[in-house]
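Colleague: what follows is a predicted protein model with its sequence.
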Amino acid sequence: APPAGCSAQARPCFAVEGPGADLVCFTLSGSEGAGGSGRPLPRCFLPAPARCYSLCVPAAPSVPAARLHRRLRQRLRQGPLARCRVLGLLCYSAAGGQAALEKGFLIQDPQGGAETERALEELLRGQGALLPPPPLGVYEAGERGELWQCLWALRGAGGRDLLRRARVVAAEEPPLHPAVPGLRHAAVFLSLEAARSVVEQCTSLIPEATAVLDLVDKCPKHSKKGDFPVIVIEGLDATGKTTVTQSVKDSLNALLLRSPPACISQWRKTFDDEPTLIRRAFYALGNYIVASEIAKASTESPVVVDRYWHSTAAYAIATEISGKVQNLPPTQHEVYQWPEDLLKPDLVLLLTVSPEERIRRLQGRGLEKTEEETELEANSLFRQKVEESYKRMENPGCQEVDASPSREEVLRTVLHLIKKHCGSL
Ligand SMILES: Nc1ncnc2c1ncn2[C@@H]1O[C@H](COP(=O)(O)OP(=O)(O)OP(=O)(O)O)[C@@H](O)[C@H]1O
Ligand SMILES: Nc1ccn([C@H]2C[C@H](O)[C@@H](COP(=O)(O)O)O2)c(=O)n1
């Protein structure tokens, strides 16, 4: 059957995400002449001799699908495919329904030779161990300059069957980013069990997954905070979290903890190389381990924590939601709520600095100017989305602290806020 979300009746759309670019959407209509908005087709469909292809895998939160998506992305950078430009693609049903959501790639071959199509077919046929090969979408111009998508099901032994030929027309950007409804299952895990079940699916694929689960299972469930205050310091990189947490520790005679905790940080690189689903589940479990450390420590002294749940959620949301800040889930969305089974801190402070000050601090850490500028430019939208997601967090929310002044002044502000919220220490 054609992939869900691509049926003609539902007037489905493809949303294309360019690096740092807005979403671009397409409607595919089932018969010649039907549908069509009269708007020009998006620029990502380059004129001949260039040729475009697409491939998608189900976006349902399954470990095999997430790993297939990542493997395809890696392989699209190799061999004859390396000359192609690859854009992210979300395929969804305009009629709604998360089961329909698919994630994939729009591949632009600037030269348009047969070699690329052959390489794509080979790539898809070679990926079929756990899942059937995803269909290949081939885009071709019609006689009157209109654009068609041919969707091909690849036979394992060779050859292919046409599943559908549908016209491509421009469409409106959807009011809600198509990844928003599935976020809580794909990236933002709102309970220990939700994150645990993802990591459990990985035990046969990632040996470290078992070790992580063993540590999680040793922690008491529903850890409760002691009588001493627990203060979390959040913020983007280079905003001064390490500096502030260390000074607060010294000033208050507090215990300093960080998430992910030391006991799992040797596996961080392994999980950072995995797709979002697995990576975010790893960080979510790290928070539950830290919760049990907080519970114990807060019976004896104040506790200051460098990153916790809000970092896990904010980075996950910003990674999954492509394009501009306006694409983020609306305020009060469930992904901004604290998980009910996770120990809550007394106070969460969000350090913010201006982009200029951040550049100075990165320079201070010795990054080359060109490298730094490139990174900053590429990540500017991403950073805005992380910061805005932090600000939308609720129950507890993040209290913003301008961390641009001197270290001493920032510490004074932070200590003042802690006193105000947590009483005398
Ligand atoms: N208030 C401040 N004024 C000037 N420089 C500062 C200030 N606070 C921190 N810095 C410097 O900025 C750099 C980044 O600070 P720090 O390492 O504390 O940030 P961070 O948020 O922990 O970063 P990351 O998340 O990347 O580890 C360091 O070189 C630090 O000495
Ligand atoms: N509790 C946490 C801590 C970290 N992360 C993720 C978010 C970023 O991808 C990265 C930032 O960590 P840093 O470079 O500052 O060590 O780690 C998370 O998801 N949850």
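Modeller: Yep, it's here. Ligands and ions are numbered 1, 2, ... in the order given.
Colleague: part of a strand, is Leu257?
Modeller: Yes: residue assignment for Leu257, taken from DSSP: H, G, I helix; E, B strand; the rest coil, places it within a strand.
Colleague: give me the element the closest residue in space to it that isn't next to it in sequence is part of.
Modeller: Setting aside the residues directly before and after it, Leu257 is nearest to Val305 in space (CB to CB, 6 or more residues apart in numbering), at 5.0 Å. For every residue, glycine as well, the C-beta is placed using N, CA and C. Taking DSSP states H and E as the criterion, Val305 maps to strand 303-306.
Colleague: next, give phi and psi for Ser354.
Modeller: Geometry field for Ser354 lists phi and psi as phi -70, psi 160, criterion degrees, to the nearest 10.
Colleague: so it makes contact with Ser404?
Modeller: Yes: at 5.8 Å, Ser354 and Ser404 qualify as touching, with contact defined as CB atoms under 8 Å.
Colleague: list the contacts for the residue nearest to Leu257?
Modeller: Contacts were defined as CB atoms under 8 Å, 6 or more residues apart in numbering; by that measure Val305 touches 230-233, 245, 256-259, 290, 294, 345.
Colleague: quick check, nearest of those residues to Gln108?
Modeller: Ser259 (39.9 Å; CB to CB).
Colleague: how much space between the spatially closest residue to the closest one that is not a sequence neighbour and ligand 2?
Modeller: On the basis of CB to CB, 6+ apart, the spatially nearest residue to Ser259 that is not a chain neighbour turns out to be Val290, at 4.4 Å. For Val290, the distance to ligand 2 under the criterion CB to the nearest ligand atom, to the nearest Å works out to 8 Å.
Colleague: quick one: contacts for Ile289?
Modeller: Applying CB under 8 Å, 6+ apart, one finds that Ile289 lies in contact with 215-216, 219, 260-261, 263-264.
Colleague: ok, 6 Å please
Modeller: Taking CB atoms under 6 Å, 6 or more residues apart in numbering as the definition of contact, the neighbours of Ile289 are 215, 219, 261.
Colleague: the closest residue to Glu394 other than its chain neighbours: neighbouring residues, count only.
Modeller: Setting aside the residues directly before and after it, Glu394 is nearest to Tyr336 in space (CB to CB, 6+ apart), at 5.4 Å. Close neighbours of Tyr336, defined as other CB atoms under 10 Å, add up to 23.
Colleague: now swap in Glu409 and tell me
Modeller: For Glu409, the tally of surrounding residues (other CB under 10 Å) stands at 12.
Colleague: equivalent analysis for Thr331, please.
Modeller: By other CB under 10 Å, 10 other residues sit near Thr331.
Colleague: for it, give its distance to Glu208.
Modeller: According to CB to CB, to the nearest Å, Thr331 and Glu208 sit 36 Å apart.
Colleague: same check on Leu255?
Modeller: Here the distance between Leu255 and Glu208 works out to 27 Å (CB to CB).
Colleague: now do the contacts for Asp402.
Modeller: When contacts are counted by CB under 6 Å, 6+ apart, Asp402 touches no other residue.
Colleague: ugh, wrong one, I meant Tyr308
Modeller: Tyr308 is in contact with 232, 259, 287, counting by CB under 6 Å, 6+ apart.
Colleague: 10 Å - rerun?
Modeller: With contacts defined as CB atoms under 10 Å, 6 or more residues apart in numbering, Tyr308 is in contact with 230, 232-234, 257-259, 286-287, 290-291, 294, 342-345, 348.
Colleague: near ligand 2, which residues of this protein show up?
Modeller: Where proximity means CB under 6 Å from any ligand atom, the interface of the chain facing ligand 2 comprises 237, 259-260, 283, 286-287, 307-308, 311-312, 315.
Colleague: tell me the least confident of those residues?
Modeller: Within the set of the residues of the chain next to ligand 2, pLDDT is lowest for Asp237 (89).
Colleague: surely His333 is in contact with His177?
Modeller: No: with contacts defined as CB atoms under 10 Å, His333 does not count as touching His177, sitting 11.2 Å away.
Colleague: quick one, which of the two is more surrounded?
Modeller: More crowded of His333 and His177, by other CB under 10 Å: His177, with 23 against 18.
Colleague: confirm that the more buried one sits in a strand.
Modeller: No: the assignment for His177 (three-state DSSP) gives coil, which keeps it out of a strand.
Colleague: how far away is it from ligand 2?
Modeller: The value you get for His177 to ligand 2, if CB to the nearest ligand atom is used, is 20 Å.
Colleague: look up the closest residue to that residue, ignoring the ones flanking it.
Modeller: Leaving aside its sequence neighbours, His177 sits nearest to Asn327 (CB to CB, 6+ apart; 4.2 Å).
Colleague: looking at this, Glu140 is in a helix?
Modeller: No: when classified by three-state DSSP, Glu140 is found to be strand rather than part of a helix.
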